[in-house]
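J.: following is a predicted model, sequence given first.
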Amino acid sequence: MRAVIQRVASAAVTVDGATVGSIGRGLVVLVGVEDGDTSADAEALVEKVATLRVFPQGDEHYSVSLTDVAGEVLVVSQFTLPADLRKGRRPSFSRAAAPGQARGLIDLVVSGFAAHGVEVATGVFGAMMQVELVNDGPATFVLEIAAGRVR
């Protein structure tokens, strides 16, 4: 499971011109599910992201977490994150999970954040989406989880 995490002042996702999810201060989490990912990977991702100290407090740039600042999270399924770009000029998506498996794990990520008391917004699984955000910092991080552990 791969995630790109962006600290934002605000963010929104639209589908067919309609806003389907929006947040204020918090994190946008683009999640790519790979074949073989498990519920343990989804749980590890949520635990890591919810407690990752990426927000400023006082003079310290990275001292408090999403839960510490009562931030929100926008979870967007990102089919292209598992893409293999090593060969040729066209991405290979052979490592991406099948839609049914991916949807279930994305749902676990969303419910996991809610269980941490985080306000969660989402995109629409499988839809063509436009994500608009104000990156705060900018602060962008890449996280990879395998076998329930950060790689």
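T.: Everything's here; your move. From a predicted model like this one, the values you see are computed outputs, not experimental measurements. Numbering: from 1, shown residues only.
J.: doesn't Val110 lie inside a helix?
T.: Yes - counting by DSSP: H, G, I helix; E, B strand; the rest coil, Val110 is part of a helix.
J.: count of neighbours near it?
T.: Neighbour count for Val110, taken as other Cβ atoms under 10 Å: 21. Placement of C-beta: from N, CA and C, glycine included.
J.: mind listing the strands for the chain?
T.: For the chain, applying DSSP state E gives strands covering 2-15, 18-23, 26-32, 53-57, 60-65, 72-77, 119-122, 130-146, 149-150.
J.: hmm, Arg25 is touching Ala9, no?
T.: Yes - counting by Cβ atoms under 8 Å, Ala9 is a contact partner of Arg25 at 6.0 Å.
J.: if we can go back for a sec, among the strands of the chain, which comes closest to Ser111?
T.: Closest of those to Ser111 is strand 119-122, at 8.4 Å (criterion: Cβ to Cβ).
J.: pull the distance from that closest one to the chain's centre.
T.: When C-alpha coordinates are averaged (Cα atoms, centre = their mean, to the nearest Å), strand 119-122 and its chain have centres 11 Å apart.
J.: what residues sit buried inside it?
T.: Val120, Ala121, Thr122 (16 or more other Cβ atoms under 10 Å).
J.: name the nearest of these relative to Ala97.
T.: Thr122 (17.3 Å).
J.: that closest one and Thr51: what is the separation?
T.: 21 Å (Cβ to Cβ, to the nearest Å).
J.: who touches the nearest residue to Gly117 once chain neighbours are set aside in this structure?
T.: Nearest non-adjacent residue to Gly117, counting by Cβ to Cβ, 6 or more residues apart in numbering: Thr67, 6.7 Å away. When contacts are counted by Cβ atoms under 8 Å, 6 or more residues apart in numbering, Thr67 touches Ala50, Thr51, His116, Gly117, Val118.
J.: switch those over to TSV; also include neighbour count, distance to Ile106 and pLDDT.
T.: Supplementary listing: the contacts of Thr67 in TSV, determined by neighbours: other Cβ atoms under 10 Å; distance: Cβ to Cβ, whole Å; pLDDT from 0 to 100:
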residue	neighbour count	distance to Ile106	pLDDT
Ala50	20	16	97
Thr51	12	20	96
His116	17	16	95
Gly117	9	20	96
Val118	22	15	97
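J.: if anything else comes up later, I'll come back, but that's it for now.
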